[in-house]
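# Provided below for reference: sequence and predicted model.
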Protein chains: 2
Amino acid sequence: MSRIALLLEYDGACFAGWQRQREGQPTVQGALEEALERVCDSAAGVVGAGRTDAGVHAWGQVASASVDTRLDPEALWRALNGVLPRAVAIRALAPMPDAFHALRDAVAKHYVYRWWPGPPRSPLRARDHHCLASAVDTGAMRAAAGHFVGRHDFASLQAAGSSATTSVRTLHRVELREMGDGSLRLDVEGDGFLRHMVRNLAGTLLEVGQGRRPPGTIPALLERRDRGAAGPTAPAAGLLLLAVRYDPPISWAVGRACDAGPLPA
Amino acid sequence: MSRIALLLEYDGACFAGWQRQREGQPTVQGALEEALERVCDSAAGVVGAGRTDAGVHAWGQVASASVDTRLDPEALWRALNGVLPRAVAIRALAPMPDAFHALRDAVAKHYVYRWWPGPPRSPLRARDHHCLASAVDTGAMRAAAGHFVGRHDFASLQAAGSSATTSVRTLHRVELREMGDGSLRLDVEGDGFLRHMVRNLAGTLLEVGQGRRPPGTIPALLERRDRGAAGPTAPAAGLLLLAVRYDPPISWAVGRACDAGPLPA
């Protein structure tokens, strides 16, 4: 068996999330496992860097797997893309050392959440933005965003019933920008994320933008370590896993890892 | 009854085209008529500037209608957006002279066709690009595009069985650009379009880009006035109706006609 890394793009609307479910639910992990089994003599241990929820999109998800195959990396990449469902593609592929593990070895992840402030809503953006009924106070949102940066116990932003051993994480960047087309883009980068953490952060920031939560209350919200203290979980469609960072960076052997993404920089 | 113009954005994937069908098929015209009937005392004569096919998106479709209502334009705009399906929105609305007719008065229409040259295909772009298996010769496509500009009989690009009285049209612009994200964008502007004309033009240009049709053969293709002389109809999902031009321009009374579109300029 040899170890590989895969750089994945997918349309989250077509999947019940990353993680393989019991029966009949299409998942990205399941689609990848099926493709590997069809193309390779054997395959095992498919792991993703981020267990994205149903509806969450990915431009730069990274997965690792062990495969037994006589195909070279280029042929393997083409063969896998040939059998995968249309809603997922392998942008690039790399042979890796046996110990490589896409989840454990990830040093940082970069998510993007996008809003379209109406009225009116934007049908062409609804697939990858959360469409809002009215404008929001972006200055207040930016002030609130700053409070999330740094090393904190993010228990208040963790989905109820999660089993993570610790809810302490470090966010390197929580930045809101007004884009040229009128949409709002939130970039969140950190060393790890709890279940629903980015969507709960986005839902809380939105309450700030709607004047329902003062920006200065964020530190107290984090100190409460209580999911009930934060805002609602923002819709999955607005979220995109943009990139996963490794140290040293993965040197992609085949494919087009350098392509610009489908969203404005 | 008073006359209004509507600026429409819609996700073509959710509709069986613009034009109202017999039964049970969701159409943009049908959705608009239902919304007008619910919100106004009476409504009639809903006409669109472009009869977009099933799957074709619109950022700047224009429709006209006659309505009987006590609502002012702002209230009418908000009420209509409140009852329309999520896949269509009225970006702006204007009271118009009684004689205004969205189709007859249009002086030019601007369509955009987009490709993503793989491999691999791009799942996040598949909704509004035609994903290709390999790179194409954009120089050849650009050379071919130039031959379509001007006043020509476009019978070779007209869907079989069309009933237009004349197939002579003028194209002001047929321009192919390589965008920063690696996608290809074709801008087509003209005074009128035959059924499937832009998609047949795009399908023909793609054959040029794939080396299956020399750019210099385009003039002869037009002279044949035979649908069989041109390439296949390109997939609907790659096409977007960007804008319709009127002279004088419509002065939108309410809404956000000036918003930048969801695609890079």
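Structure received.
# flag the shaky bits of the stretch 151-265 of chain A, pLDDT-wise.
A:265 (pLDDT under 70).
# chain B contacts on that one?
Contacts of the stretch 151-265 of chain A with chain B, taken as Cβ under 8 Å from any Cβ of the partner chain, map to A:180-182, A:255-256, A:259-262, A:264. For glycine as for every other residue, the C-beta is placed from the backbone atoms N, C-alpha and C.
# out of those residues, which are buried?
A:181-182, A:255, A:259, A:261-262, A:264 (16 or more other Cβ atoms under 10 Å in any protein chain shown).
# quick one: which of those residues is nearest B:Pro95?
For those, the residue nearest B:Pro95 by Cβ to Cβ is A:Gly182; the value is 25.1 Å.
# so A:Leu84 makes contact with A:Glu33?
No: counting by Cβ atoms under 8 Å, A:Leu84 sits too far from A:Glu33 to count as a contact (10.9 Å).
# who's more crowded, these two?
A:Leu84 (24 against 17; other Cβ atoms under 10 Å in any protein chain shown).
# got phi/psi on that one?
phi -70, psi 150 (degrees, to the nearest 10).
# show me what contacts it?
A:31-32, A:35, A:90 (Cβ atoms under 8 Å, 6 or more residues apart in numbering or on different chains).
# switch the cut-off to 7 Å
Neighbouring residues of A:Leu84 by Cβ atoms under 7 Å, 6 or more residues apart in numbering or on different chains: A:31, A:35.
# quick one: the strands in chain A?
In chain A, the strands defined using DSSP state E lie at A:2-10, A:42-48, A:57-68, A:88-96, A:108-117, A:130-132, A:150-153, A:168-178, A:184-190, A:239-245, A:254-255.
# give the other helices and strands that the second one contacts.
So the one you mean is strand A:42-48. helix A:28-39, strand A:57-68 (3 or more Cβ pairs under 7 Å, 6 or more residues apart in numbering or on different chains; DSSP states H and E).
# are the first one and chain B in contact anywhere?
It stands for helix A:28-39. No: if you take Cβ under 7 Å from any Cβ of the partner chain as the test, helix A:28-39 misses chain B, and the best it gets is 10.3 Å.
# which of the residues in that helix are buried?
Judged by neighbour count (16+ other Cβ under 10 Å), helix A:28-39 contains these buried residues: A:28-33, A:35-36, A:39.
# look up the residues forming beta bridges with A:Gln61.
A:Leu8 (DSSP bridges).
# let me see the contact set for it.
A:8, A:10, A:48-50, A:52, A:241.
# also A:Ala31?
A:84-85, A:88.
# quick one, what contacts the residue most central in space within chain A?
The centroid of chain A falls nearest to A:Leu241 when counting by Cα atoms, centre = their mean (2.7 Å). By Cβ under 7 Å, 6+ apart, the residues touching A:Leu241 are A:50, A:52, A:56, A:58-61, A:109, A:111.
# ok, for it, nearest residue in space, not its chain neighbours?
Nearest non-adjacent residue to A:Leu241, counting by Cβ to Cβ, 6 or more residues apart in numbering or on different chains: A:Ala58, 4.3 Å away.
# ok, the one you found touching A:Asp11?
No: taking contacts as Cβ atoms under 7 Å, A:Ala58 lies outside contact range of A:Asp11: 8.8 Å.
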